[in-house]
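1. sequence first, then the predicted structure:
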Amino acid sequence: MVQSKKQKYMFLAFCLIPTFIMFAIFTLYPLFSGLYYSFFDWSGSAQNKEFIGIDNYIKLIKDAIIPNTIIHDYFLVVTKVIGIMILAMFFAVALTQLKIKEAPFYRIVFFFPNIMSVVVIGILWTFIYNPSMGLVNSGLEFLGLESLAKPWLGSETWALPSLVLPSIWAGIGLFMLMLMGGIANVSKSYYEAAEIDGATEWQQFWKVTLPLVWPQIKISILYIVITTLNGSFIIVQVMTGGGPNNSTHVMGSYLYQQAFVQYNFGYGATIGVMILILSLITVLILQFFMRRDKVEY
Amino acid sequence: MNKFLKYNVLLLLITLIMLSLMVACSSGNEKGEDGTEKSDDSTAEGGEGEISGELEIQYFVGGYGDSWWKEVIADFQEEYPDVSIVEHAGPNINEEMRSRWVSNDPPDVVYIDGAGSSETQMVEDGQLMNLTEWLQEMELENGDKLADSFIVEPATYDGEIYSLPLVFDTWGTWYDKALFEEKGYEVPTDFDSFMSSMEEIKEGEDIDPLVTSGQHPYYFLRGMLYPAFGAAGGDELLADLIQGKEGAWTQDVVLDTMKKVETMAAEGMFDSGLGALNHTQSQMNFLLHENVFVPVGFWLPNEMANDIPEGFEFGFIPSPMQDAGDPYAVVPDLRPLAIAENAENPEAAKAFVEFAFTRDYAMSFSEHTGAIMNLTGVDLSQSDDVPSYLTEANAMINDPEQVQIYHKPHPMSADLETPIGNALMSLMLGNMTAEEFVEEAEKAAAEYRS
């Protein structure tokens, strides 16, 4: 049966309109209302608000804490991308190529943190870092390295680096599975051919595996970047609340503090606009740098 | 025929409209009659029957628990059976009710306490009813004027009163009396003895003696520094600092106080991990003897009731930050009860507020919560249910020889308190000097003023 043009459009409308309405309500509307509120002096806890033009944006530029929050965010982005990708790739290759008998078990174990709430992960690691009864300091003492023990989350220097470990730990599983999927799709014959040509395992990884799973790597990196820029505030909020002395504030947690603790909702919305713009620019730059022709052998 | 029909339809319509109007009016009347009837009943019991309708009460449940509220609300319900009370309560109630306040549909009565609430902000946003005139009419159960019976006067904003201080809390320094008695440690009486006591404990117990919540540096500000500023410069200095007056934070008297904090940090008196501790963790550390001093309010024993180790005995002193020879200083911290400007049932709201402010409820408040309600003339020693630390602290606070009370004009705005707290954190961790701190604080005050 041939579909009439009308039927085709009806079907398209049936698929698209509900999605678009949802998108408009839950994405476009908050986006534009955020932009709208960024031009107001509004406490966020009452109805009266005053239009102040771009004053919030001027304040944003002058705010000495903002550059630090951006640096902290990108510090987390870079360390998370490097940490997660190296470890996820290592585990993915190990579980697919090394023919380990317990591979399914490890797959579940590594994926486990992904089904836990970030809040739970944050609380769990707060205990691990606890200066007196935490696992980290006790472990260091056990190894005779007491001199390295420190109040990890309570130190202005060490608090931010300490947040990297739980973030990586929580992220590995998902990307490991994605990379495993990619590796599983690489035909065995390439490895056999490489082996016949005398390629070492290391060379096989660099010349065969890596180029062929590049699309998965690219998506993983983009995903880590976006989720870190938009979501790292949860772990910060739970583990340090942005302290000590703003040393762990990321853009999101600073937004929360301004909007809901200091009652500057309008300014908080302005920070939200900044996060949006920075995320967009970052993703565009990444897309540009990670452009690669699809490799096929 | 047609004309007749039209006439009939018109008549029917008019009758219908009349009927609906009558129903509308009569239902109102019915309510009125109902109310009056019941008012007769309750007048006989001594209540005021015209109070009816729905009354929404928002109260934060934190360290003081909610048992006192339950008792007062149940009694109020009994007194005013026509009122249907809706309670909005819990530890996150301020966040949960925020959308109601934003959409101008607030509850009638609000108890302002806990995270996410700010009396100053609510007044600035015009959300609270002006109670200045009404307060003059209010009386306690024995006829005393309420306005003359507060321990601490209500906060004023340009001379107007928007809230009535219900809870009189005082931040001070807690210690374990049993431990001090057992080991013979000295209970500090001024800053010098505080330092020597902490040194002795640091050696004796091999711990950092003082803990506070690093995630909320304002605990130290309110618990230790406000009394220190009060003792050093009185109400005037406190007001200047809280309002961020130009040059207030860089005065010598402030620098001297901050030097004391710098010394404490340099001597290792602060818990080295306090930077990451939240409210509960810092209090837990104190109970576990990881530290021996914690500056918090009267909520501590009640809030941590389930975690108190055996043999632990709460001792309370006003934070000993004053110079030798001066009396201790306390700066009361008040938790007020207020009525929303847009309350839907202001009459019932007023009735409830008036109902709650009695000396009987003040006594029961101390029994339930281990804290003090802001009313004079309540003899806590009369009740066996009031914890001993509270009667002792109360007696101490009321003895001007021992303790001088200083007042802040209103709570510090979060816009000033947050940056000052952050710099304070750095000072306590030893990453900032007192000179740098006062500069930072002055900068924050300048920004706040602008």
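-> Happy to help now that I have it. Numbering: from 1, shown residues only, chains lettered A, B, ... in the order given.
2. and the residue of chain A found nearest chain B, how many neighbours?
-> Nearest to chain B in chain A, going by Cβ to the nearest Cβ, is residue A:154, at a distance of 2.9 Å. C-beta here means a position set from N, CA and C on the backbone, and glycine is covered the same way. Using other Cβ atoms under 10 Å in any protein chain shown, residue A:154 has 27 other residues around it.
3. ok, now which ones touch it?
-> A:131, A:244, B:214, B:272-277, B:429 (Cβ atoms under 8 Å, 6 or more residues apart in numbering or on different chains).
4. any of those buried? List them.
-> Buried residues within these, counting neighbours by 16 or more other Cβ atoms under 10 Å in any protein chain shown: A:131, A:244, B:214, B:273-277, B:429.
5. out of those, which is nearest to residue A:160?
-> Taking Cβ to Cβ as the measure, residue A:160 lies nearest residue A:244 of the buried ones among the contacts of residue A:154, at 10.5 Å.
6. now do the SS call for the closest one.
-> Under DSSP: H, G, I helix; E, B strand; the rest coil, residue A:244 falls in the coil class.
7. next one, pLDDT for it please.
-> Per-residue pLDDT puts residue A:244 at 92.
8. same question, the one 10 residues further on
-> Reading off the per-residue confidence, residue A:254 sits at a pLDDT of 96.
9. distance check, the residue nearest to it when sequence neighbours are not counted against residue A:247.
-> Leaving aside its sequence neighbours, residue A:254 sits nearest to residue A:69 (Cβ to Cβ, 6 or more residues apart in numbering or on different chains; 4.7 Å). According to Cβ to Cβ, to the nearest Å, residue A:69 stands 11 Å off from residue A:247.
10. between the two, which is the more surrounded one?
-> Neighbours were counted for residue A:69 and for residue A:247 using other Cβ under 10 Å; residue A:69 has more, 25 against 22.
11. residue A:31: which of the buried ones among the contacts of residue A:154 is nearest?
-> Of those, the one sitting nearest to residue A:31 (Cβ to Cβ) turns out to be residue A:244, at 33.5 Å.
12. please name the nearest non-neighbouring residue to the closest one.
-> residue B:275 (3.7 Å).
13. and residue A:36, by the same measure?
-> Using Cβ to Cβ, 6+ apart, the nearest residue to residue A:36 is residue A:269, at 8.0 Å.
14. A helix includes the one you found, no?
-> Yes - looking at residue A:269 with three-state DSSP, it is inside a helix.
15. what's the pLDDT at it?
-> Per the predicted model, pLDDT is 96 at residue A:269.
16. give me every residue in the stretch 1-150 of chain B lying close to chain A.
-> Residues of the stretch 1-150 of chain B lying close to chain A (Cβ under 8 Å from any Cβ of the partner chain) are B:95, B:98, B:101-104, B:116, B:118, B:121-122, B:124-127.
17. state the number of residues packed around the closest residue to residue A:126 other than its chain neighbours.
-> Nearest non-adjacent residue to residue A:126, counting by Cβ to Cβ, 6+ apart: residue A:239, 5.4 Å away. Neighbour count for residue A:239, taken as other Cβ under 10 Å: 26.
18. then residue B:156?
-> Residue B:156 has 13 neighbouring residues, counting by other Cβ under 10 Å.
19. ok, residue A:69 - contacts?
-> Contacts of residue A:69 by Cβ under 8 Å, 6+ apart are A:246, A:249-251, A:253-254.
20. nope, residue B:223 is what I was after
-> Taking Cβ under 8 Å, 6+ apart as the test, what residue B:223 contacts is B:171-173, B:212, B:295-297, B:319.
21. now swap in residue A:229 and tell me
-> A:73, A:77, A:251, A:275, A:278-279, A:282.
22. and with 6 Å instead?
-> Counting by Cβ atoms under 6 Å, 6 or more residues apart in numbering or on different chains, residue A:229 touches residue A:279.
23. confirm that it sits in a strand.
-> No - Residue A:229: not assigned to a strand; according to three-state DSSP it is helix.
24. the strands in chain B, which residues?
-> Taking DSSP state E to define them, one finds strands in chain B at B:53-60, B:83-90, B:109-111, B:156-157, B:160-161, B:164-170, B:172-176, B:294-296, B:314-317, B:328-330, B:332-339, B:372-373, B:403-405.
25. of those strands, which shows the lowest average pLDDT?
-> strand B:156-157 - the lowest mean pLDDT of the strands of chain B, at a mean of 86.
26. can you give the contact residues for it?
-> For strand B:156-157, contacts defined as Cβ under 6 Å, 6+ apart pick out residue B:123.
27. got the residues of the stretch 151-300 of chain B near chain A?
-> B:214-215, B:272-276, B:290 (Cβ under 6 Å from any Cβ of the partner chain).
28. for the residues you listed, work out which two are farthest apart.
-> B:215 and B:290, at 16.6 Å, using Cβ to Cβ across these.
29. more neighbours, these two?
-> residue B:215 (24 against 20).
30. now do the same contact list for residue 250.
-> Went with chain A since none was named. So residue A:250 contacts A:69, A:72-73, A:232-233, A:236 (Cβ under 6 Å, 6+ apart).
31. nope, chain B please
-> Neighbouring residues of residue B:250 by Cβ under 6 Å, 6+ apart: B:438, B:442.
32. quick one: secondary structure of residue A:263?
-> Quick answer, by three-state DSSP: residue A:263 is coil.
33. what sits closest to it if chain neighbours are left out?
-> residue A:43 (4.3 Å).
34. who touches that neighbour in this structure?
-> By Cβ under 6 Å, 6+ apart, the neighbours of residue A:43 are A:263, B:121, B:125.
35. correct me, but the first one touches residue B:119?
-> No - with contact defined as Cβ atoms under 6 Å, residue A:263 does not reach residue B:119; the gap is 11.9 Å.
36. burial count for residue A:55?
-> Number of residues near residue A:55 (other Cβ under 10 Å) recorded here: 16.
37. the closest residue to it other than its chain neighbours and residue B:364, how far apart?
-> Once flanking residues are discounted, residue A:55 sits nearest to residue A:41: 7.3 Å by Cβ to Cβ, 6+ apart. Noted for residue A:41: a distance of 43 Å to residue B:364, by Cβ to Cβ.
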